[in-house]
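K.L.:
How does the following fold in three dimensions:
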Amino acid sequence: MSTDRDVERLSAVVLDSLDDESSSDALARRAYASRTQFFRIFKAVIDETPAAMRRRLLLERAAWELGRTQQSVTHIALDAGYGSFEAFTRAFRKAFRISPSLYRRMGATHFHLPSPTSIHFCAPTSRSGGDDMDLYDIFAGAESFHTRKLLEHARELTPEQLDAPLNNKTYVFPWDSPAGSLRDLLKRIVQTKEIWTAALTGGTFSDPKTEPPEQGTPDVLLARLEKVDVEFNRVLSDVRKRNAWSDTFVDALCEPPEVFTFGGMFAHVVTFNGYQRLVALDALRRLGVKVEGFGCPTEYEASLAPAK
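P.N.:
Below you'll find the predicted structure:
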């Protein structure tokens, strides 16, 4: 069984090679192993090949340099090990879904790419946060806790009740139509996280307007919430650890792409999902479901207290 020490020791071989023209054989020599043995052990422990990790770290460093330095794109491309501006642009666009020139113009500052581990290029200005429960823990935990409670209450309703027209239709976003039913509203709460998670990780999401009906049952929505929470909180826990809430990322899913700060995006999710949950609570009560509380973060805190 591999340990954190194994991961740290093996990854250090790659991290220490970023400024060298290191081939696979050179990396293996650094680890005092044959190429075959080093590749096999590295892949088993880290779930990423040495070459793939090195390419990813170099692209992360290049993205950091684009956002934080005045070096030319060509210089950054060569520094990342690419023989031409064109080759670097292709690789960067594939990884970040945007060209390096546009990434710089938009002022993006997030440079971490998806990884099977927490190993990333460590920027000189990175800072680590503490391990105590902070505002992120409270708001992120409350967001998931109260959405989960809503969906559990929704299990008590019939399909006809879930699809009944809402009495209190309100426009949350000026570019979107109001939720027509409680089911529609609950789907939107989960989809908010799914869409932002896709933007953060370079993933995809299903079009809310074309989703089949079976994707909107309370049980399925609970499963979707559990799945998206893992990835959403993985990304933002890393942001919290680096105290990087003011860093920016490019949402390539927008047309045209837009730049947001991590802090602003998280506040958006908490604010608008909180409002939509209040509307859903009102709808549940109108349908005769006994619901306690009103979605306050203090209710989530109380749920964490040890039983007396």
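
K.L.:
Sketch out the low-pLDDT regions of the stretch 151-300 of the chain for me.
P.N.:
168-177, 208-209 (pLDDT under 70).

K.L.:
buried ones in the helix or strand encompassing residue 78?
P.N.:
Taking DSSP states H and E as the definition, residue 78 sits inside helix 73-79. Neighbour counts over helix 73-79 (16 or more other CB atoms under 10 Å) mark 73, 76-77, 79 as buried. Where you see a C-beta, it was placed from the backbone N, CA and C, and this is true even at glycine.

K.L.:
For the stretch 101-250 of the chain, just list every one of the helices.
P.N.:
Here the stretch 101-250 of the chain has its helices, by DSSP state H, counting those that start in this stretch, at 135-154, 159-162, 182-201, 218-241.

K.L.:
and of those helices, who's closest to residue 292?
P.N.:
helix 135-154 (9.1 Å; CB to CB).

K.L.:
Counting by contacts, list what that closest one packs against.
P.N.:
helix 182-201, helix 218-241, helix 262-286, helix 297-304 (3 or more CB pairs under 8 Å, 6 or more residues apart in numbering; DSSP states H and E).

K.L.:
Point out the most buried one among those.
P.N.:
helix 182-201 (a mean of 21; mean count of other CB atoms under 10 Å).

K.L.:
Relative to the whole chain's centre, how far out is it?
P.N.:
Distance of helix 182-201 from the chain centroid (CA atoms, centre = their mean, to the nearest Å) equals 13 Å.

K.L.:
picking up where we left off before, to residue 114, which of the helices and strands packed on helix 135-154 lies closest?
P.N.:
Of all those, helix 182-201 sits nearest to residue 114, with 5.6 Å by CB to CB.

K.L.:
If you compare the directions of the closest one and helix 218-241, what angle comes out?
P.N.:
Between helix 182-201 and helix 218-241, the angle comes out at 30 degrees (axes from the mean of the first three to the mean of the last three CA atoms, to 10 degrees).

K.L.:
angle of helix 182-201 against helix 262-286?
P.N.:
170 degrees.

K.L.:
Mind putting the helices of the stretch 101-250 of the chain into a markdown table with distance to residue 280?
P.N.:
As requested, these are exported to a markdown table (distance: least, CB to CB, whole Å):
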| stretch | distance to residue 280 |
| --- | --- |
| helix 135-154 | 5 |
| helix 159-162 | 11 |
| helix 182-201 | 5 |
| helix 218-241 | 12 |
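
K.L.:
Minimum distance to residue 91: which of those helices has it?
P.N.:
Of the helices of the stretch 101-250 of the chain, the one closest to residue 91 (CB to CB) turns out to be helix 182-201, at 18.1 Å.

K.L.:
mean confidence score for stretch 27-37?
P.N.:
Here the mean pLDDT over stretch 27-37 is 70, rounded to a whole number.

K.L.:
can you give me the end-to-end distance of that stretch?
P.N.:
Terminal residues of stretch 27-37 lie 11 Å apart, using CA to CA, to the nearest Å.

K.L.:
Who are the contact partners of residue 103?
P.N.:
By CB atoms under 8 Å, 6 or more residues apart in numbering, the contact set of residue 103 is 63, 66-67, 92, 96, 250.

K.L.:
again, 7 Å this time
P.N.:
63, 66, 96, 250 (CB atoms under 7 Å, 6 or more residues apart in numbering).

K.L.:
Assess the claim that residue 249 and residue 260 are in contact.
P.N.:
Yes - applying CB atoms under 7 Å as the test, residue 249 and residue 260 come out as touching, 6.4 Å apart.

K.L.:
Looking at those two now, which is surrounded by more residues?
P.N.:
Taking other CB atoms under 10 Å, residue 249 and residue 260 do not tie; residue 249 has more neighbours (22 against 19).

K.L.:
Relative to the whole chain's centre, how far out is the host helix or strand of residue 95?
P.N.:
Per DSSP H and E, residue 95 falls inside helix 85-96. Distance of helix 85-96 from its chain centroid, counting by CA atoms, centre = their mean, is 22 Å.

K.L.:
Next: stretch 43-59.
P.N.:
20 Å.

K.L.:
How many residues are close by residue 34?
P.N.:
Residues near residue 34, counting by other CB under 10 Å: 12.

K.L.:
Surely residue 88 and residue 79 touch.
P.N.:
No - counting by CB under 7 Å, residue 88 stays clear of residue 79, with 9.6 Å between them.

K.L.:
Based on its surroundings, how many neighbours for residue 57?
P.N.:
22.

K.L.:
That one: what's its closest spatial neighbour, skipping adjacent residues?
P.N.:
residue 121 (5.0 Å; CB to CB, 6 or more residues apart in numbering).

K.L.:
Report pLDDT for the one you found.
P.N.:
pLDDT recorded at residue 121 is 85.

K.L.:
In the contacts of residue 103, which has the lowest confidence score?
P.N.:
residue 96 (85).

K.L.:
I appreciate the help and will end here.
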